[in-house]
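> Provide a 3D model corresponding to the input given below.
(one chain, ligands or ions: 1)
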Amino acid sequence: MNHIVLIGFMGTGKTRVGKRLSEELNLPYVDIDKKIATDMKMSVNEIFDKFGEPFFRALETTALKQFIDTKERTVISVGGGLPIQPQNQPHLKQLGIIIHLTASVEILKKRLEGDDTRPLLAGHDLGERIASLMKQREPVYESLADITVQSGEQTFYQLMNELEEKIKELDDRKQK
Ligand code: S3P
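This is a model prediction of the structure:
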């Protein structure tokens, strides 16, 4: 498979980067969380509330697997917890190039302050919660990634340039 998959912690900019990448490369774009919310006619918060996290995780796996049979190259961004579920990891690798977006705890804290759309952050001290989840998750994201890009330390324009160059290098290498 030849898709471009964006992974990374909440707030690292997967949706913004994914959308821009799809425009630049003229490819379709899918956000797995959005797809789930649209299909369920419910927000992610409502799904967690009504059915619980394991149900949401099962929806993520089902949504992800649909792209294994999609021939057209697609830019796909996935929720921060999806790559952490071991059952999703072989599917992610099968789908194509994996891009890990990362950022410091300080930057993520600023970006996620006041956000009420992410059930995993509700009711916790934000900085501590981000730091402890990041500690568990970053090594997993890193182990899956073909490309890692730092978000928040350069302009968006620079980030996109870096990313596009790295994708081109990987594509070129695959064709040789
Ligand atoms: C989650 C991240 C969210 C969403 C859900 C759970 C997580 O997606 O899937 O709230 O476990 O990190 P974003 O990474 O797009 O915020």
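
> so Gln154 makes contact with Glu162?
Yes - judged on CB atoms under 8 Å, Gln154 makes contact with Glu162 at a distance of 7.5 Å. Glycine gets a C-beta too; all of them are placed from N, C-alpha and C.

> would you say Met10 is within a strand?
No - under DSSP: H, G, I helix; E, B strand; the rest coil, Met10 falls outside any strand and is assigned coil.

> tell me the phi and psi of it?
Reported as degrees, to the nearest 10, the phi and psi values for Met10 are phi -50, psi 130.

> Nearest spatial neighbour of it, chain-adjacent residues omitted?
Gly80 (4.5 Å; CB to CB, 6 or more residues apart in numbering).

> show me what contacts Glu23?
Glu23 is in contact with Tyr29, counting by CB atoms under 8 Å, 6 or more residues apart in numbering.

> Doesn't it lie inside a helix?
Yes - membership of Glu23 in a helix is supported by three-state DSSP.

> Pull the distance from the helix or strand of the chain with the lowest mean pLDDT to the chain's centre.
For the chain, scoring each helix and strand by mean pLDDT, DSSP states H and E identifies helix 156-175 as the least confident one, at a mean of 93. On the basis of CA atoms, centre = their mean, to the nearest Å, the separation between the geometric centre of helix 156-175 and that of its chain is 17 Å.

> Contacts for that helix, please.
4, 16-17, 20-21, 24-25, 97, 99, 146-147, 149-151, 154.

> Of the residues you listed, keep whichever come out buried.
4, 16-17, 20-21, 97, 99, 147, 149, 151 (16 or more other CB atoms under 10 Å).

> Considering the residues you listed, which is situated nearest to Lys35?
Nearest to Lys35 among those is Ile4, at 16.1 Å by CB to CB.

> Show me which residues of the chain are close to the ligand?
Near the ligand, the residues belonging to the chain are 10, 14, 33, 44, 79-81, 118-120 when assessed by CB under 6 Å from any ligand atom.

> For those residues, pick the one with the most neighbours.
Most neighbours among those, by other CB atoms under 10 Å: Lys14, with 26 neighbours.
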